[in-house]
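In: Provide a 3D model corresponding to the input given below.
(2 chains)
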Amino acid sequence: MTNKEYADLLLPGVKHSWEEYEKMYPERDLDDKAIVTRYAPSPTGLPHMGNLFQAFMAMSFAKQTNGVFYLRIEDTDTSRTVENGIRKILDAIYPFGIEFDEGVISQTEEKGKYGPYIQSKRQDIYKAYAKKLIEEGKAYASFLTKEELDEIREQQSKSKQRLGIYGRYAKDRNLTKEETLERINKGQSYIIRIKSPGSFFNKIKVNDLIKGTIEMPENDIDEVIIKSDGLPTYHFAHAIDDHLMHTTHVFRGDEWLSSVPKHVQLFEILGFKPVKYCHLAPLTKSDEGKIRKLSKRKDPEATLSFYPENGIPNEAIMLYLATITNSNFEGWHDQNPDKQIKDFTFDFRKCSSSAGTLYDLPKLYNISKNYISRLTKEEVYNNTLEYAKNYDVELKEILEKYPDYSKAIFNIEREQKKPRKDYEKYSDVKGQIWYMYDELFDKYKEEYGYDFQSITDINEIKNIINTYIDKYYDENDDKETWFNKVKELSDELGYASNMKEYKENPDNFKGSVADVSTVIRVSLTTRSQTPDLYEILRLLGKDRIKERFNIVK
RNA sequence: GGCCUGUUGGUGAAGCGGUUAACACAUUGCCCUCUCAAGGCAACAUUCAAGGGUUCAAGUCCCUUACAGGUCACCA
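Out: Next comes the predicted model:
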């Protein structure tokens, strides 16, 4: 019996040979420097922030080198695969600006010449290469049962030896063809393992683009490559797919680092050109003094839906991811505020190699605040409306009812060199401007209550607002005239119009122009802290000012 | 337990044998100012997990220890 016939018996029904597959997946016609990489999730649930981070990074490096970024679905664990898993991944990730050049593009479609991009549809390919290894004597059928495996593990840990199927524990390694076939004929189930040529006492060096050069023992474990369900293990699928799809760089979590010797070995015995590895540290969080991985279960901010639900702009998240990808991004962005993330050139040498990046929400909010402050009034209006449509019906109705007026509100101290920065997220908006709308003012004024500061005597308050509206208010005043009048009002009523004088001799006055302004401000809005009072007066207009003054009791 | 990685202020970090140890967030104080936000200025690591070594010189190179994380599946 030839080796080829033997391989056919172990893995029957394979349609193509590995040579044919090699021809079907030719080299890509790309620049030498072009990075081909992928995002390769398992469809086992919703992606989280760590996944987005990986996808973002892989995409950024591919795009800046005019390479290819594709989506591959790793669904070789059929028991964990969830319903509509692909759609869930895509829906979660698309809003954040992740774009694939190739690969799976919807639950049912894909594009590109290197597919299928779903591993469960590539079974024949994996088997063809497994047969190659069997033919060459580099892989074999292993009949170890669950019980035998457990026993070996127990024995190894009891005698403090390394765990795994290697050396003398790889019992079926030296079975002859005849012995193997005999067992198969008896109906014993088997899987395919590689016959590892490595020795634990040899060291290999791997140059990880992020972690640097790492020295590790060679792999000597007879790793499983084809499982009993006929599907490949992650390790085998990784080698085959990334070879055939001509991936140049593999971005993945650093939990894979310790598997690298297996992967290097697999590429070698298959005769593949090795890929470059970029192992990313997990996003972490400090919890009761301990550092741990960001967790979907414990940390709401790990879930991608947290962001739209809280009105945090997607762009801010991308900006944040860029700043934790490369430490020099932030400085560049400050210098080039009008440029896009894609204009920045990321550098592997500027990627942090530390054990974990703390995912810092306050920092993200700061980035978001700066981002929103630079938007135009239209953009703020549209984005807030978009948020409100899903999460705040009351706000949505108000915004839709008064589009121009709302934009004018958003324009207060906006669209200038040093814009006002008071929204970290769109969900902050209502809390800061509700009093500008009569409907909301009527509804919430009692709830919030008038926040008069130092002046609490209602007669004095009435005195100030009545004198102001009767003698000084003129809706046609410009800002300077307006404020001069407020000062005159202060002088007339015994308040210091000059803050310096007031600070020097506070006892000579009833208060200052600040107190007078506060009375006007609070009477109109109930709030002691608002944006520019002049702008608010202008937007409210004479009638509503009078109306609101009259309500104050 | 074996193997691997990491450890610079409250946080993220820059640093690649000679610097007053950048910068950003947070915090605190002052200034500006009709409030808030913003902005300006300043404070915040006598020291780079601990110890030892190499060197004229070490956060930077070497060793040991400690701590943290990862990994050792027919899961990815």
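In: RNA strand B contacts on the stretch 1-150 of chain A?
Out: Residues of the stretch 1-150 of chain A lying close to RNA strand B by C-beta under 7 Å from any atom of the strand are A:Ala40, A:Ser42, A:Glu74, A:Thr76, A:Asp77, A:Arg80, A:Leu144, A:Thr145, A:Lys146, A:Leu149. In this view, the C-beta of every residue, glycine as well, is placed from N, C-alpha and C.
In: of all those residues, which two lie farthest apart?
Out: A:Ala40 and A:Thr145 (31.4 Å; C-beta to C-beta).
In: of those two, which one has the most company?
Out: The neighbour count for A:Ala40 versus A:Thr145, taken as other C-beta atoms under 10 Å, is higher for A:Ala40 (25 against 10).
In: where do the strands of the stretch 51-200 of chain A begin and end?
Out: Counting by DSSP state E, counting those that start in this stretch, the stretch 51-200 of chain A has strands at residues A:68-71, A:102-104, A:110-111, A:139-142, A:191-194.
In: next secondary structure after the last one?
Out: Toward the C-terminal end, the helix or strand that comes next after strand A:191-194 (DSSP states H and E) is strand A:203-208.
In: list the buried residues for that next one?
Out: Within strand A:203-208, the residues scored as buried using 16 or more other C-beta atoms under 10 Å are A:Ile204, A:Val206, A:Asp208.
In: contacts for stretch A:305-322 next, please.
Out: Applying C-beta atoms under 8 Å, 6 or more residues apart in numbering, the contact partners of stretch A:305-322 are A:46, A:52-53, A:56-57, A:60, A:92, A:95-97, A:300, A:329, A:333, A:341, A:344, A:346, A:363-365, A:367-368, A:371-372, A:383-384, A:387, A:390-391, A:424-429.
In: check which element follows the one helix or strand A:Lys443 maps to along the chain.
Out: Using DSSP H and E, A:Lys443 falls within helix A:438-448. Sequence-wise, the next helix or strand downstream of helix A:438-448 (DSSP H and E) is helix A:458-467.
In: what comes up buried for that following helix?
Out: Neighbour-count burial for helix A:458-467, with 16+ other C-beta under 10 Å as criterion, is recorded at A:Glu460, A:Ile461, A:Ile464, A:Ile465.
In: and of the residues you listed, the nearest to RNA strand B?
Out: The shortest approach to RNA strand B among the buried residues of helix A:458-467 belongs to A:Ile464, at 13.1 Å (C-beta to the nearest atom of the strand).
In: returning to what we had before: quick one: the helix holding A:Lys443 near RNA strand B?
Out: No. Remark: helix A:438-448 sits outside contact range of RNA strand B, by C-beta under 7 Å from any atom of the strand, the gap being at least 14.7 Å.
In: go on, stretch A:260-270?
Out: No. Stretch A:260-270 lies out of reach of RNA strand B by C-beta under 7 Å from any atom of the strand, never closer than 7.9 Å.
In: roughly how far is that stretch from the heart of the chain?
Out: 31 Å (C-alpha atoms, centre = their mean, to the nearest Å).
In: again with stretch A:545-553
Out: Chain-centre distance of stretch A:545-553: 48 Å, with C-alpha atoms, centre = their mean.
In: what's that stretch in contact with?
Out: A:441, A:445, A:450, A:458, A:461-462, A:465-466, A:469, A:473, A:523-524, A:537, A:540.
In: touching RNA strand B at all, it?
Out: No. Contact of stretch A:545-553 with RNA strand B (C-beta under 7 Å from any atom of the strand) is absent, the minimum separation being 15.0 Å.
In: many thanks, I have nothing further to ask.
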